[in-house]
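>>> could you look at this predicted model? Sequence included:
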Number of protein chains: 2
Amino acid sequence: MTKELEFYFDFISPYAYLAHKKIQSLPSSIRTSYKPILLGGLHNLEGITAPAFIKSKLKNMINDCNLVAKKFNFNFKWNDKFPLNSLNIMRGYFSVNSTVKDQYVNTMFDAYWKNNLDITDEKILITLLKDCKIDPDQFFETIKEQMIKDKLKEATKDAHKKGIFGAPTFMINNKIFWGQDRLEYALDEYSS
Amino acid sequence: MTKELEFYFDFISPYAYLAHKKIQSLPSSIRTSYKPILLGGLHNLEGITAPAFIKSKLKNMINDCNLVAKKFNFNFKWNDKFPLNSLNIMRGYFSVNSTVKDQYVNTMFDAYWKNNLDITDEKILITLLKDCKIDPDQFFETIKEQMIKDKLKEATKDAHKKGIFGAPTFMINNKIFWGQDRLEYALDEYSS
């Protein structure tokens, strides 16, 4: 039986980036499906205040992400402008062609959490899109479409209905595993 | 150089229990100092809503604690009456004789998170105290004293001043490590 590991992410989450890096080094036998959601929207639906908005939690998160990255030898740099709004690039996930989706995810995650770039700056975003062979004009056109906006909204609502309340979240066998620390636990489902 | 691992805890926290169990199996060369705080007070000082009061987070916490306990082979049982108020037994930590403090900690943690007991029930608490050779009358007398109340308050304020915002928290070399998952990271300080 094929087991699919679902990975709920938002580029805004540094822990989602660390999880993404871990996923990249999994054996190819583990099929991972990327599930974009809007973290802010999910938090609103559940009445959660993100750690980004609690001083001591934010401070701890910066330190903690650096520690995890160091332990796993990931190239990680806290984004000076965190929390940069990820709405456009999350909508973009639904608009870009499936052939470039993987590269799009890598490029946007790296831009935010490795290269310390301002992904809300149009000029920077245009360069990143060109790196992915995505036509910027078409990109900016498409992410304004109601259908694309609705897709992200629906995906977020669906995740919330499943009981998901944060990112990164892994889902396998209808079980929820929250936090990059729990990838290992989710993978245990393959052997159970 | 002796390094002291500080462990900030409240009996109310299931993750503090799991951390306590991990600490119990550390080599004796690692000196751990138990630092009682009132988790609710700490959350109030920082404006944090505990996961116990967010439906999806609570559900996840129950599942997650069971998973961690299973992985580490700890005897763990979610307390049916969570969140049982731990104020009296936290104050008690300051009132009991130093010779019985270790046993007191073990007994109260086990009562809450292994034996599924209602530690707010006076009859049950009396039995637990007797197990620790603590005189119940004296215990109930002392925890009402202003000095004891103030000690817990001060300990909580002091922790907050240090930047601590949750439990369990480990502190070593003036660095904060939040969550039972981070004991391993805190211990890395011994080798650095």
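Yep, that arrived.

>>> so stretch A:168-176, near chain B or not?
Yes. Residues of stretch A:168-176 contacting chain B under Cβ under 8 Å from any Cβ of the partner chain: A:175-176. C-betas here are computed from N, CA, C, even on glycine.

>>> which residues of chain A lie near chain B?
By Cβ under 8 Å from any Cβ, the residues of chain A that approach chain B are A:46-49, A:54-57, A:59-60, A:63-64, A:67, A:71, A:163-165, A:175-176, A:178, A:181-182, A:185.

>>> show me which of those are buried.
A:46, A:48, A:54, A:56-57, A:60, A:63-64, A:67, A:163-165, A:176, A:178, A:181-182, A:185 (16 or more other Cβ atoms under 10 Å in any protein chain shown).

>>> mind listing which of those are in helices?
By the criterion of DSSP state H, membership of those in helices covers A:46, A:56-57, A:60, A:63-64, A:67, A:185.

>>> show me the strands in chain A, by range?
Remark: strands of chain A, listed N- to C-terminal, are A:4-9, A:31-36, A:169-172, A:175-178; assignment by DSSP state E.

>>> just name the most buried of the ones you listed.
A comparison of these by mean neighbour count, using mean count of other Cβ atoms under 10 Å in any protein chain shown, puts strand A:169-172 on top with a mean of 24.

>>> what mean pLDDT does it get?
Per-region confidence: strand A:169-172 scores 97 on mean pLDDT.

>>> swap in stretch A:95-110?
Averaged across stretch A:95-110, the pLDDT comes to 97.

>>> chain center to it: distance?
Averaging C-alpha positions (Cα atoms, centre = their mean, to the nearest Å) puts stretch A:95-110 11 Å from its chain's average.

>>> and for stretch A:179-191?
Relative to the mean C-alpha coordinate of its chain, stretch A:179-191 is positioned 17 Å out (Cα atoms, centre = their mean).

>>> among the strands of chain A, which is nearest A:Asn106?
Across those, A:Asn106 has its closest neighbour in strand A:31-36 (10.8 Å, Cβ to Cβ).

>>> closest one of the ones in helices among the buried ones among the residues of chain A next to chain B to chain B?
Distance from chain B was checked for each of these by Cβ to the nearest Cβ. The minimum falls on A:Ser56, at 4.0 Å.

>>> just checking, A:Ala16 touches A:Phe170?
No. When contacts are counted by Cβ atoms under 8 Å, A:Ala16 is not listed as touching A:Phe170 (10.8 Å).
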